[in-house]
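Colleague: quick check, what structure comes out for this input:
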Amino acid sequence: MRAEHDNLRAAIDWYCREDPGEGLCLANSLWMFWSLRGYYSEGRWQLHRLLDLVPDVTAVRIRALAGAAWLAIDQGDYEDADRLLADCASLSRRMEDKVGEGLAAAFLARSMLSGDRVEQGALQAGRAFTLLTQTADQQGVAFALFYRALAAQFTGDLMTACQLHEQAAAIWRELGLESLRARCLQLLGITRLNLGELAAAREALEEGLPVSVDLGDRFVIPVGLSGFAGLAAMSGKHRLALRLAGAAEAYRMTYESALPEPNRAYLDNWLAPSYKAAGSSSALLLAEGRRMTLNAAVE
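Modeller: Predicted coordinates:
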C-alpha cells in the first residue's frame, strides 16, 4: 500500500474529475491505511472533498463518514468527529443499515472516551455492542468490545477492562487484523499497569508495541511508549521514564496525532514521582527523549 500510495493519490485525483462516486469508493477503502500510517490530514481532506462531490445516500457514504470521523479522532478533533458520526448514524437509520449504525456508535464512543467524556462514551460503547451483536459483523463486534473495555478502564473497573481487552484481542487475531490486536494488547498492558501487575503489564506491552512499530501504526506507538514510561516510573527507573515520555511526545508531535485525555492523565500520574526524583534534571531528560530515534526508544 505504501509503495502504491502516489498511484492511489493520482487515481483519486482522476476520479474526482471523471467519476467522483468511484473516487469515494476508493478513498473509503483507504482510510484505515491513512490512519495506521499517520496520513491523518491527507485522509480527512480526501474524504471531505469526495463527500462534498457525492451527496448520494449510499452505504459507501455511511462508511466514508465513519472513516473521516475516525481520522478526526486520531487528531483530537472530537467536534468534527461527533458531527460526522451524527450524519453517519442518521443515514444508517434511514437505510436500515444496522452495521453502519453500530459502527457510528462505536466510533462515537471512541471520540467521547478520547475527549474525556467517559460516561457518555460508555453508553455509546454499550449501544454499539447491542447493535453489532445483532449482525454478523465480527469486526464491528470487536470494535464495540474494545470500546467497552476502554470505558471500563477509564471508569476504574480494571478487571472487567482486562477481560474485555482479551476478548477483543482474540477476535482481532481470528480476523487476521494484527494491527488492531496490537492496539488492544498495549491498552491491556496499561490496564495491568494501573492494577500494579508490572510483570503482566510488561508482557502485554512487549508483545503489542513491536507489532505496531513493524506495521507502522503511528497512532498507537506513542500510547505504547507512554505505557513503557509508566512501567519504568513504577519500577523506580525515573530517568528512563522521563526519556521515554519525551520520545513518545516527539513521535506524537511529528505525526500530529492526539493522546487520548485519560491516557494523558495516566501518564501525568505515573511520572509525578519521576519528576520529583529527577528534580531540575527533568527538562534535560525529556529533551534527551525527544531526540531519540523510535528504534532506540523501543529498545
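
Colleague: hey, let's count contacts and neighbours off CA atoms from now on
Modeller: OK.

Colleague: may I have the phi/psi pair for residue 3?
Modeller: For residue 3, the backbone dihedrals are phi -60, psi -30 (criterion: degrees, to the nearest 10).

Colleague: count of residues packed around it?
Modeller: 7 (other CA atoms under 10 Å).

Colleague: look up the pLDDT of it for me, please.
Modeller: Per-residue pLDDT puts residue 3 at 94.

Colleague: please apply the same query to residue 192.
Modeller: Value for residue 192, per-residue pLDDT: 97.

Colleague: nearest spatial neighbour of it, chain-adjacent residues omitted?
Modeller: Among residues not flanking residue 192 along the chain, residue 201 sits closest, at 4.9 Å (CA to CA, 6 or more residues apart in numbering).

Colleague: what are the buried residues along the strand or helix carrying the one you found?
Modeller: Secondary structure assignment for residue 201, by DSSP states H and E: helix 198-215. Neighbour-count burial for helix 198-215 flags 198, 200-202, 204-206, 208-213 (criterion: 16 or more other CA atoms under 10 Å).

Colleague: now do the helices in the stretch 1-150 of the chain.
Modeller: 5-18, 20-28, 31-37, 40-53, 59-74, 78-94, 98-114, 118-132, 138-154 (DSSP state H, counting those that start in this stretch).

Colleague: about what we covered before: the helix holding residue 201: how far from the chain's middle?
Modeller: 16 Å (CA atoms, centre = their mean, to the nearest Å).

Colleague: pLDDT of that helix, averaged?
Modeller: 96.

Colleague: other SSEs contacting that helix?
Modeller: When contacts are defined as 3 or more CA pairs under 8 Å, 6 or more residues apart in numbering; DSSP states H and E, helix 198-215 packs onto helix 178-194, helix 221-234.

Colleague: any idea which of those gets closest to residue 91?
Modeller: helix 178-194 (26.7 Å; CA to CA).

Colleague: quick check: phi and psi at residue 97.
Modeller: Dihedral angles (degrees, to the nearest 10) for residue 97: phi -100, psi 90.

Colleague: sorry, wrong one. I was asking about residue 170.
Modeller: When read as degrees, to the nearest 10, the backbone of residue 170 gives phi -60, psi -40.

Colleague: and for residue 217?
Modeller: The phi and psi values for residue 217, taken as degrees, to the nearest 10, are phi -80, psi 90.

Colleague: tell me how far it lies from residue 279.
Modeller: Going from residue 217 to residue 279 by CA to CA, to the nearest Å gives 34 Å.
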